[in-house]
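J.: Based on what follows, work out the 3D shape:
(chains A and B)
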Amino acid sequence: MTRVLVPVEVLEGQTVASGLLSLLGTVDVTVLGYHVLPEQTPPDQARQQFEDRATAALDDLSEEFRSAGGAADHRLVFTHDREQTVHRVADETDADAFAISGMTGDVDRILVSLSGDVARDRIVEFVIELIGDRDIDVTLLLASDTETTADERLATAATRLREVGIDTETTAVVGSPFESLLSTAENHDVIVIGEAAPSLRSLVFGDEAERVAAASVGPVLVVRRETEAETTDSANE
Amino acid sequence: MSSEPTGTNIEGERPDAEAVVETDEATITDDAELERTLGLSGGLAIGIGTMIGAGIFVFPGLAGAEVGTAAAASFGVGGVIAILVALPTSELATAMPKSGGGYYFISRGLGTLAGTIIGLSLWIGLVFATAFYLVGLGFYALDGLALVGITVGPSPGLIVSVIAVIAGIGFTVLNVTGTENAAKLQNGIVALLLSMLLAFLAFGMADAFGIVDAGTPPGEARNVWAVGPIMSVAALVFTSYLGFAQVATVAGEMKSPGRNLPLAMLGSVVIVTVMYVVTIFVATSVFTQDALAAAGETAMVEIGRALLGTPGALVIIIGGLLATMSSANASILSTSRAIYGVSKDALLPGWASRINLKYGTPHVALGMAGGPVIVLAATRQVQLLAEVASFLHLIMYGLMCVALIAIRRDKPEWYDPDFVVPGGPAIPLVGAAASFGLIAFMDPLSIGVGLGVIVATAGWYFYYASDIRLKGAL
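T.: Numbering: from 1, shown residues only, chains lettered A, B, ... in the order given. As a prediction, this is how the structure comes out:
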């Protein structure tokens, strides 16, 4: 089953947009409630004081996800480093994607970016699982320096999506992946992007994905790369 | 752990005992996880950052004035004792990677009375150490003012106090309100300091051996190679070695604690010991005893000036300011963790570890650290502050060694250290004897103040928390 990790800064009163709640109704959700502490504060000290409040909020949030249709559980982490926590819990729960919350109403159209060195097959399969049999359209975007291979790759992905009955448009752009994503993002409710190679992970996670989310206002789903464990497993088989 | 703490304090509060699972990446409690975010470099930065300020920038003048080049032996003795204690501490820390460090080990190994005394003494010892670093900062700021041509008038001592107090207030306020992550800054400062010092010391060594001649007066220090004076200086400068135990206070936040805690503690002690011995050798080669005595706390500035002229003095002043700031700041952080460790076990009221939601910082504990620091810093009694801090830490070090022997003898089922000190009880026994032994060489006034603290904390135990049982069931 496909699993999406939804990090929520639970004690800061962050919530999940109704559109994202219902969009994730087709997949399993792990709500990751986290609280970032300054280095002066031992995480255990914050746990002692805030655990009950945070757990109550997470129980409510998980319940909202369950009533949207999918299975949902939650984890609560006190940390000095948000990024490390999100990646650790994503690894441990074997999540296929994690969400960056943003505001959206009902989701009609998703923008899927296939630009850059990302696991395109995983992104496409994730989108298929996510949409299920709902009437949600997809725009595939691929920005690159040369147009030669872009069209072919877009066509492969579009064919796969249309096979399962998803209404799909394609857009090939020559130029910066980030800029073209932002200029295309208008008229889309949710953006799906892939996690870049581990060496670029911090760049993408801390910077690009956040910037995409901030600039587009809407939620962003980041499809994770194959974890190291999975790679080793498949090599052993 | 199988043996949960029991009992209540005078206000009816219970120790907060939750069964936890420790992994390399997080501590997992029933309902929550606590991320481990400090790596080896972060641990080394805490250890080295806390220690180097005192040993390099404050003590060379004071120690060299007493015994000349023999002070290198005093620093060597301090380093050996620190390693003898860092080894048992490493074993305990890998078995109990928790906030609170030495307090936690002793309370679980030797019981609530010893635990309360050490927990509260660690708090007060760190307060003395922080005040000592701030006074050092004040002396460096004074030299900095003089270098840029600001005359300080007839009472420079008062200026030192004022600067130390302002810095103390500043660090406390910054720690309460600052939510920016200063850890990376601290790592950067330590890296910068180490590279500055390496360059400086390399040049100083070259001068000392006559490879280059910076025109310094020939080193005709009267060197006192006698056990008594060397040990007495070792007791004074031992404050330069307190930082490794601060690594243990953040043990709960260290990634892969089984590997990183011993490496960070032993690594930081070895690195600073080498730096100290070389520094004191350079200092006593450049200057004679009376010149060092005249220059006092900031003798290193004069040594920098003698070796490299005004730029040399400037480098040392900047280094001294950075180093004493990083020591003071790291100590304030450790103090608030020490208070938390004790308060969690209900040996202090629970409100002592309250966190404010606005900044997410433990403002009460930081205030309990910063308040007394400011008062003590105003006294600018460098020697007394340093020795009392050392006294209280040495008691803790000795008892940690004893706690290791006790826990190994009792073999509680939860005790499963990743790092084991080789050689059976030999190293902890020698470590305990050396720690307690060094106290005998201290100034009687320092010993008196230290004993006063111990008696007061013991009194607190009998008044407040005598019903609490923290030691593992035997």
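J.: For chain B, which residues are neighbours of chain A?
T.: Within chain B, the residues that sit near chain A (C-beta under 8 Å from any C-beta of the partner chain) are B:16, B:25-27, B:29, B:31-35, B:37-38, B:98-99, B:175-176, B:178-183, B:250, B:252-253, B:333, B:336-337, B:340, B:344, B:353-355, B:357, B:359-362, B:366. To be clear about C-beta, it is placed using only N, CA and C from the backbone, and glycine gets the same treatment.
J.: Of those residues, which belong to helices?
T.: B:Asn175, B:Val176, B:Ala183, B:Leu333, B:Ser336, B:Arg337, B:Tyr340, B:Lys344, B:Leu366 (DSSP state H).
J.: For A:Gly145, list the residues it contacts.
T.: No Gly there; residue A:145 is Asp. A:Val174 (C-beta atoms under 8 Å, 6 or more residues apart in numbering or on different chains).
J.: Point me to the residue of chain A nearest chain B.
T.: Relative to chain B, the nearest point of chain A is A:Thr79 (3.5 Å; C-beta to the nearest C-beta).
J.: wait, doesn't that residue sit right on A:Pro38?
T.: No - between A:Thr79 and A:Pro38 there is no contact under C-beta atoms under 8 Å: 11.3 Å.
J.: For those two, indicate the residue with more neighbours.
T.: Neighbour count, other C-beta atoms under 10 Å in any protein chain shown: between A:Thr79 and A:Pro38, A:Thr79 has more, with 24 against 20.
J.: Mind picking the lowest-pLDDT entry from the ones in helices among the residues of chain B next to chain A?
T.: When those are compared by pLDDT, B:Ala183 scores lowest at 64.
J.: Quick check: next helix or strand after the longest helix anywhere in chain A?
T.: Counting by DSSP H, the longest helix found in chain A is helix A:43-67. Using DSSP states H and E, the helix or strand that follows helix A:43-67 in sequence is strand A:72-79.
J.: one step back: let's have the ones in helices among the residues of chain B next to chain A in a markdown table, adding distance to B:Gly448.
T.: As requested, these are exported to a markdown table (distance: C-beta to C-beta, whole Å):
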| residue | distance to B:Gly448 |
| --- | --- |
| B:Asn175 | 31 |
| B:Val176 | 33 |
| B:Ala183 | 38 |
| B:Leu333 | 29 |
| B:Ser336 | 28 |
| B:Arg337 | 28 |
| B:Tyr340 | 29 |
| B:Lys344 | 31 |
| B:Leu366 | 29 |
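J.: Spatially, which two of the residues you listed are the most separated?
T.: B:Ala183 and B:Lys344 (22.7 Å; C-beta to C-beta).
J.: out of these two, which sits in the busier spot?
T.: Taking neighbours as other C-beta under 10 Å, B:Ala183 and B:Lys344 compare with B:Lys344 leading, 25 against 19.
J.: A:Gln48 is in contact with the more buried one, correct?
T.: Yes - at 6.9 Å, B:Lys344 counts as touching A:Gln48 under the criterion of C-beta under 8 Å.
J.: Give me the common contacts of the two.
T.: Common neighbours of B:Lys344 and A:Gln48 (criterion: C-beta under 8 Å, 6+ apart): B:Asp16, B:Ser353.
J.: Measure how buried residue 69 is and give me the count.
T.: Using chain A. 15.
J.: Not quite, go with chain B.
T.: B:Thr69 has 19 neighbouring residues, counting by other C-beta under 10 Å.
J.: Can you tell me how far it is from A:Leu23?
T.: Distance of B:Thr69 to A:Leu23, computed by C-beta to C-beta, to the nearest Å: 74 Å.
J.: cool, and B:Ala294?
T.: 76 Å.
J.: Which one's more surrounded, those two?
T.: A:Leu23 (25 against 13).
J.: so what's the more buried one closest to, chain neighbours aside?
T.: A:Val107 (4.7 Å; C-beta to C-beta, 6 or more residues apart in numbering or on different chains).
J.: Look at B:Ala346 and give its secondary structure.
T.: What DSSP: H, G, I helix; E, B strand; the rest coil gives for B:Ala346 is coil.
J.: Might you report the residue contacts of it?
T.: Contacts of B:Ala346 (C-beta under 8 Å, 6+ apart): B:Thr8, B:Asn9, B:Glu13, B:Arg14, B:Pro15, B:Asp16, B:Ala465, B:Ile468.
J.: next one: B:Gly360
T.: Contacts of B:Gly360 (C-beta under 8 Å, 6+ apart): A:His35, A:Val36, A:Leu37, A:Pro38, A:Thr41, A:Ala46, B:Thr179.
J.: Buried ones from these, can you make that a PyMOL selection?
T.: In PyMOL syntax, the buried subset of those is picked out as below (16 or more other C-beta atoms under 10 Å in any protein chain shown):
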select buried, (chain A and resi 35+36+37+38+41+46) or (chain B and resi 179)
